[in-house]
Structures are given as C-alpha cells and as structure tokens.
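> What shape does this take:
(3 chains)
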Amino acid sequence: MTERPLSAPGIHGERTPMRDLSGEEVDFCIVGAGAAGGVLGAKLAEKGFAVVLLDAGPHWDPTRDFVSDEVGSRQLFWTDERISGGRDPVELGSNNSGRGVGGSTVHYSMIAMRAHSEDFRRRTLEGDIPGAELRDWPITFDDLEPYYEEVERDLRIAGPTFYPWGHRRHRYPQREHELNASARVLVYGCTALGIPAAPAPVATLSAPHDDRPPCVYRGFCNYGCTTNAKSSVLVTYIPRAIAAGAEVRPGCMAAQITHDGRGQASGVLYFRGGDPSTLHRQRARNVVVCGYAIETPRLLLNSSSSMFSDGLANSSGLVGKCFMVHSGHQVFGRFDERINQYKAPPGLALTEHFNRTMPDANFVCGYAIEVVGPHPVDFASRVTTARGLWGTDLRRLMMDYNYWSGVGMVGEVMPQRRNEVRLHPVERDQYGLPVPHILFTYHENDRRLIAHAIDRMEEIMDSAGGVDIWSADRTAHLLGTCRMGLTRDDSVVDADCRTHDVPNLFICDGSVFPTSTGVNPSLTIEAIAARTADRIGRSSG
Amino acid sequence: MAGGSARDKDAIPSTRYPGYDVLAKWRGPDWDAQTRMVVRRRVEDVPRIRFLTEEEARLLEAVSARIVPQPDRVAQARVPIVAWIDEKLHHDWRDGYRYEELPPLRETWRLGLSGINESAQLLHARQFVSLESLTQDEVLARLQRGDAPGETWTRLSATRFFRDVLCLTVVKTYYAHPSAWSEIGYSGPSSPRGHVRNWAGGVDPWDAPEERE
Amino acid sequence: MTSLVSEPFLWRWIAVATAVLTVIVIGESWIGHYRSGFPLRAQYAPLVGGMALATACVALALVPRVEWVRLAVRWAGWVAVFTGVIGAGYHHYYGIVEKAGGYRWLLHHLMYGAPQLAPLALSTAGALAVLASEGVASAAVSPSASVPRLALAVVAIALAGAVAQTGILHYRGAFNTPFMYAPLALPPLAALGTGWLALAPAVGLTGVVRVLLWATFLLGFVGLGMHLRGLDRQMGGLHVFLFNLLQGPPPLAPAVYATLAGVGLLLLRAW
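From the prediction side, this is the model:
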C-alpha cells in the first residue's frame, strides 16, 4: 500500500497530519471512537502504542458540520435500522444513539456525574431482587476515584464549589455555569419543598481554556457544539490521540473481529465508505470494542466462528443480555414568565436527593432529577406522543412554547436477563449484517421507582408555580450488555475490561456496567476507559 | 382538500409575536453558513412528490391538515408537510429503529394511509378526502383510540401508527419550519452568537419581542 | 508630627481622576444594567447621578475657585455616595435575596448575580469628590491634615473593595490566565499600606507605599489589555461585539485600580 499523507480535521477547521497505519499490524485496534474509545485511544497512543480507531461515522469538523437546526442534525445519530421490542420498547435513533467520531459525547447534554460508592455494591446492599440480576462491580469507587479526577481535569468539568452528594468532597476545575430560567424553576421548586439542589457539573467550559472559548449559551448542545466550549471527546481526547500518533479512521463499519487458531483476536474486518462489496482488514495485536451497548454485543455476536459458535467472548451466554437503560421520564409545566427553555445547556441544575435506596420506599435504588430544555421539534414530539394532542389543540399549546419548562429523571433500572440485544433472525442491514433486535421490559422495581419520581417531579414543578403539568415517557443511555465481573460464567469481562475468553480482546463502554447506577454514565464510562488504559497498557503490547 | 372550516380559523389562537420573523436574522451573527444552507433548502427547495402516488399524496395532505391545521395561512404561505414526508420515503431515510410490530417504514406508511381510507369507507361510505373536516377528525380519533374498523389494522397497529409514525412525523415536519418558529417565538439558530438574558422573563435584543394584547 | 500641606493643584488632578472613575462606573453600570434589560427604573440612577458628578468634577478641575462649582461638587458627591449605598442594597436584594435558592446559593449568586460591591464604586467617587471640593478650598485658607488623610482612607477601603469584587469574579473565571491572580496579590498590599498611612503617617513607609501604588496604577492598564484580550477569546471575538461585551470580562473595570492608585499617588505627593 502506497504511503499517502493522511490528515484529520482539527477543532478549528484546520487539517492536522495523521499517521496511516492501515498496512500495519497495530498494537490496538479500537472499534468506536466515542466516550471510551477516544479516552483509550489517547492514553494508549501517549504510552507509545500504535493505535487505530475505527468509527462508523464521519470525523466531524465543528466549524462546518454542526448546524443550529434539530432536523438538520440527523447525521449525528445512528439511523441504520434496529428493531425495538419488549413490553416497554426503547426509542432509539436520537439521543441515546450517536454516530461519528466523538460518539454520543458530540450530542449529549454534558452532565458529568460520578457514581456513588454504593453503586458498586448493589448486590451486597440490596440483596437478591427476584427477577433481577443485581451484581456487585468487580471494582470499587476507590479504584475509580483517581480516574474520575483525571477525566474531570482533562475535560475541565464546570461544577459547583460545594456539591452536596457523594461521601468525598472534590474540586471541579472550573466553576458552575449561571443558572438559566429552566434551571431556576427546578431550584425554586426544590427550595420550596426543602429538597437540596445544586448546579449540575457539566462538561462545557465556563471560562476559556487553551484555544477553546467558554460557552455562549446557544443551547444547541444536543446538536453539536460549534463553539467548541463543550468538552466532547471529539475536541479533547481525539486530538490528543492523533497528536500522539494514533490514526482515526472514519466511515468504517466493523463487521467482524477475526481470531487465529489459538483463539486470540487478530484484527477487525470492516466496510469502508458505505461500500458493502469490499471487506477491509485491520490487523491488530489487541482489539478493544467500544461501540456502546447495542453495537458492541452485535459485533461480538456477528463474530461467531467454528471455535466460538455463540459469538466471541460469550462462554457465559451473557453477551447482549441484561440490557439496561435509565428511565428518563420528563415532567413539564407552564409558567407565566418566559422561560425560553432552549437557551443555554439543557441541564444546568439537578438534585440527587432521591438517588439512594430510601427507607420508606417500596423499591430499591434511586434516581437523579435534572433540568431539560427541548427545542421546538423535540418538545412538539413530546406534546403529541405523550399528551396525545393534535390539531388545533396542539397548535394552541405550542403557541406558549416559550412559557414551558421541564425536568427529567435518570432512574436506575434493574438488570434482567430477558432484556437483551440480539441478532434479528431475518432482517439484514445495507451491509448484509443482521440487524440488532432490542428487547426491553421494565421490572416491577423500575415501575415503582418511576411512579415515585414522577410524583416528586410534579411536586417540584407545582411548587415552582407551574400549571397544566404533564409527563412524558422517555429513556436515556444504553448499558449492561457485556457486564464486568469476577468469574467467566457470570460476566463477559473482568475488572480490567479484558474478556474472560479472549485474553487480547477488551470491551470498554457502557456495556460493561453490571448495574445502571442512578446517574448519567458518561463520566463513569470515561473513567473506566482511563483506568483500563493504565491497566492494559501495563500488561500488554 | 386541505383547509378547514371557519370554526377552525377562530380556534387557532393568534401568535404572541406578530411582528417577529426568525428569518429576518438570516444575515446576522445568529445564522452561520451551514445553517443557512440547510434551512434555505427547507424553505425554498420543496421537492416534488416521487414516492407516494397522487392519491396517497392527496390523502396525506388532507390528513396532515387535520393533524396540524393551518387555516390561518393562505395556501402559498402554508408549511409544506407532504413533500418532506415523501422525500424521506423516497430516499428510505429511516429513524434508526422501528417498533417490532411495525413493518419497515415505507410499507408502514402505505399500509397506514390505505387503512385510513378503509376506515373512512367503512364508517362513512366515502373516501377520506371527501369527508367534512370534523368527520375526518372523528376517523382519526378512532385511529388514536384503536377502535378504527378495517382489515388493515389487523396487520398494522393503528395506535402505534397514529401516534408514533403519522402524528410524530407530521408534527416534527411542521415545527422544523421557520414559519412555525416565528409563530411560537423561538429564537431559532444561534451560532456564533448565543444568548445572554437566560433568566425567567429575559428576552435578548435579538429574541422574539412579545406584543401583549 | 509632619504638617500636611494641601496643594490645590493636586486636588484639581484628584477631581479629574474622580471624574474618570465616575465615567468607568457609568460605563460598567450601563453594560450591567443593559444586560439585565433595565427592568427597574432605579437602574438609571447611577447613570444620571454619575453624569452629574463627572461633569461637576471636571468643572471643579477647571475653575476650582468658583464657589458654586465647589458647592455643586459637594452636593453631587453626597448624592453619589447615597446612590451607591442604596444601589448596593438593590444589588443585594435583587442579586441574592430574591433569586432562586437565596442565601443557600450565596456563592452562585455572588458570582453571577448583580456584583455586590460595584455600586460602592460610585460612593467612592462621590466621597472623593466631596473631599476634593474641601481640599481645593482649604488650601487657600490653612493646611488641614484631616482631608488628605480621609481621602487616603477612602482610597484604601475602595482598593480593598475592588480586590474583593475582583476576587469573586476571577474565581468565577477559574483563574484561567495566571495573571488573574495579580489583582489579588498586589493591590491588597497597596490598600494595606495606604490605610496605614491614613491612620498613622510615617515617612519611612511612604516610599514603599508609593511603589505599591505605582505598581497598582500600571496593573490597571495591564488589566485593561487583559480584559480586551479576554473579550477576543470569546467565540466570535470582537466581531460579535455587543454579545461579548455583555457576556465577557467587564472592559473598563480594571481601570478602577489605575484611578484609585492615581488618587493615592496624588495624595502622597502632597505629603
């Protein structure tokens, strides 16, 4: 293969030179350049390893590729066909399913929360919940704490000086953002009820850092940040990875992980540029799968062979199983002052007051309540699907769009074996790969938790002075399909994210969560990736 | 045909922002080049019908006029809905998922539209397009409730189709249009300039000014 | 005890410096109040009162002997003092008490609400103007030690207040540029020294305080440049001028250090 100079888009529209590693057997081939893949790619490259990151989507140029328009941002999401079933089928194709270099950190709401020490010991604390498979994590909060600090520093998380929850106080690198109107609604409501609330720690700059300016409160965070204030992996870890000699190869849809006769992973077969006729091969001494909780198990299941007939790394039978989301129901109320909920980042305040197993509750675990700020298309979608409004009723309500405000929950969901991501027996995508079939049904504990949360959210909106209060079903995040654990029969990867079955195959993304926690997962995913990089960097090569 | 009775016209409340046009900020620091490109297409390059048949297009036009009625606008000023849904189906741009009880997108729409006509026939012995607006609303309400008659609905979930495909798509298409943005006082695109007065009651100098009655 | 001679020439320059300080206050007050959208008519008070004060001070510098000019400055000065104090009350109520969370969110509101000490800059200008109207007159009659010492005390207190206000806002900016520590390191020393001299004049200390004040004077100008650079570091820089003016670092505020230090230096030359 002839050497041709490669380049990648920098964050200001410039081109930065990049190594071409396509002809080599690299040390690490990482599938998915998102929250985990980006962190791993940067750290492993900085340790001197030859790293290739494959991503199915484009390498975004923030100066050109992000539009201030909801519908015009469709390309940021995974829009290939997926089938969603179960009694509570999950909505996909938008907020929980990103596509492109930077993954979902390009379009997420940037809320950067740590899990609590209790979250790592749910089985010990709650015991056996019938129908659920609660497990303790094979790592503790203490194991992850230095990595939370590292990632918070790298991402310049803007958070409050005094964060009321978590058993150890820590400092955020930057100060919290000024509350916007919808955040103040949550604070008014919580204050009136005597519930502690706090500014949300968010991954967007409140002061300039290096060559990135602070947030200008556009409010289009969920559609790509043109300011570069948002500390997505795209503008933080990916440039670091490239500067350290990694190659980021966009437009590459991984089809299969190859292995040799000894059962060691040997590389990745992938389609490039949307062309379904040619399979390319990247040879690698180690493979890391970071495709998030649907594409990761799908790739492993698609990689079955005579040696691994049930899919790669699946001796436990757990690949794809125990799929979790967070319950993400939202509650809206109308106010008599203009809220303009779309201004500024959508989630600038929150309360974790209910994020614990509460003594008088009829369910275990808890949830966070955060502010939301949907733009018109998103809000109108809620109004029509959740309230069932159409016709003049819909137009009438939407005329008051600027007067509406809302909050949303991030609720812990039980891991259940019946909730899974599997390969559809019949349907194929444009590459001929089996389409993922996602089955999800809430557990009784989840339903009780949701009911409790909706009551609290309605109280908050009511106490803040909202009227005409209503709620909308929603979920957030994708987790759990390749959980980590101590034994090979009960988990897919170990505490270092190394699969039990294939010593040079790693999985590092939201799939490895044994339990969902009651907070947004991105910071935890990034911290796990930072820790994994240190652990595998030490022992592999 | 799309339109609505005189009763509808009175039912649509007037906008709180009659003097506001989000497109007036087109050349300013709120709209960047890539956003202008995307929205220009939406406003000016309305595609012709390529996937739906003429009858299906007319039916969808009538249905959309009930889902999001626009009697307060003259015909040329109405937000086009059918053209954009047709474009989506023509290119087979899917949503990244579909509920397992629904067939693939194009089939869902074809079936759903024919099902609406089937129900109209069974209930009122006429095509949907030739029904009175209020009667059309009744037919659609039955779909929403799940008690619309017709063999189609044994193959396609009426409630799913109505709520998560038909209404959702029509509503999203409407509120993606700058005319809708102006009517609801949405500040619209904002790059590179963002927002300053982000508190309750705060209105930036470039936001929609309110005209109170 | 050294006898203090109050030279009218220096008091005229102090009147000029006070006018400059007042213009800074008017400018920043306009930016902040415009940003808030002028929801209260009272927010015009510092603009009107400030303009009257600045005009009177300039007149005093030009024609110090005219009796009614001195009277006008004294009146405008006292009005400014009270306007500033009342303004601080407004800032406290609307910036903290009335806001979501109230005192429980004190640090948040200190960072983002109406700046608590800023209105007292107008009071400072007013106090200096009143003292200038005295100083200009009294030299013609007999040396009075209390007026320059009072003025030094005002400068010391005002510098301390400026440091506190700067501290909270630079903290909000996460000290993203190392130079943001400078106004918290140097001016406090100048404030301490100036205050000491106001309470207990000592010849040996004067030299040190002069150096500190000169450094603070220069710091004000460097600060102006830094804030301009900070404005340019925002998205769109100076091309999105109005937005960044409202959102970025206050463009005139660092000059407060220069004017206060300037007044201090003028007072010490009179020693």
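> Need the per-residue pLDDT for residue A:353.
Per-residue confidence (pLDDT) for residue A:353: 98.
> If you could redo that for residue A:281, that was the one I meant.
Per-residue pLDDT puts residue A:281 at 97.
> any idea how far residue A:266 is from it?
Here the criterion is Cβ to Cβ, to the nearest Å. By it, residue A:281 lies 9 Å from residue A:266. To be clear about C-beta, it is placed using only N, CA and C from the backbone, and glycine gets the same treatment.
> joint contacts of those two?
Common contacts of residue A:281 and residue A:266 (Cβ atoms under 8 Å, 6 or more residues apart in numbering or on different chains): residue A:258.
> For these two, indicate the residue with more neighbours.
Of the pair residue A:281 and residue A:266, residue A:266 is the one with more neighbours under other Cβ atoms under 10 Å in any protein chain shown, namely 20 against 13.
> so where's chain A uncertain?
When residues are selected by pLDDT under 70, those of chain A lie in A:1-4, A:540-541.
> Looking at it, what residue ends up closest to chain B?
At 2.3 Å from chain B, residue A:93 is the closest residue in chain A, using Cβ to the nearest Cβ.
> Could you pull up the residues touching that residue?
Residues near residue A:93 by Cβ under 8 Å, 6+ apart: A:77, A:78, A:79, A:82, B:94, B:95, B:96, B:97.
> What separation do you get for the closest residue in space to the second one that isn't next to it in sequence and residue A:372?
The spatially closest residue to residue A:78, leaving aside those adjacent along the chain, is residue A:97, at 4.0 Å (Cβ to Cβ, 6 or more residues apart in numbering or on different chains). Distance, residue A:97 to residue A:372, by Cβ to Cβ: 18 Å.
> quick one: secondary structure of residue A:332?
Per DSSP: H, G, I helix; E, B strand; the rest coil, the local secondary structure of residue A:332 is strand.
> Please look at residue B:12 and residue A:393 and confirm they touch.
No: judged on Cβ atoms under 8 Å, residue B:12 makes no contact with residue A:393 at a distance of 10.3 Å.
> Of those two, which one has the most company?
When residue B:12 and residue A:393 are compared for neighbours, residue B:12 comes out ahead with 19 against 14, by other Cβ under 10 Å.
> what about the nearest residue to that one once chain neighbours are set aside, neighbour count?
Excluding its sequence neighbours, the residue lying closest to residue B:12 (Cβ to Cβ, 6+ apart) is residue B:72, at 4.9 Å. When counting by other Cβ under 10 Å, one arrives at 18 neighbours for residue B:72.
> again with residue B:57
As a burial measure, residue B:57 scores 18 neighbours (other Cβ under 10 Å).
> Now residue A:151. Nearest residue, chain neighbours left out?
Distance criterion Cβ to Cβ, 6+ apart; nearest residue to residue A:151, sequence neighbours excluded, is residue A:526 at 4.5 Å.
> Now do the host helix or strand of that neighbour: distance to the chain's middle.
Following DSSP states H and E, one finds residue A:526 within helix A:522-539. Relative to the chain's own centre, helix A:522-539 is displaced by 15 Å; criterion: Cα atoms, centre = their mean, to the nearest Å.
> For residue A:498, give me its contacts.
Residue A:498 sits next to A:505, A:506, A:536 when contact means Cβ under 8 Å, 6+ apart.
> whoops, I mixed them up, residue A:222
Residue A:222 touches A:95, A:107, A:108, A:109, A:346, A:375, A:378, counting by Cβ under 8 Å, 6+ apart.
> tell me which of these is nearest to chain C?
When the contacts of residue A:222 are compared for distance to chain C (Cβ to the nearest Cβ), residue A:346 wins out at 17.0 Å.
> Of the contacts of residue A:498 - the most surrounded one?
Neighbour-wise, these (other Cβ under 10 Å) top out at residue A:506, 28 neighbours.
> Please, where are all the strands along the stretch 201-350 of chain A?
Here the stretch 201-350 of chain A has its strands, by DSSP state E, counting those that start in this stretch, at A:247-249, A:252-259, A:265-272, A:275-289, A:324-327, A:330-334, A:349-351.
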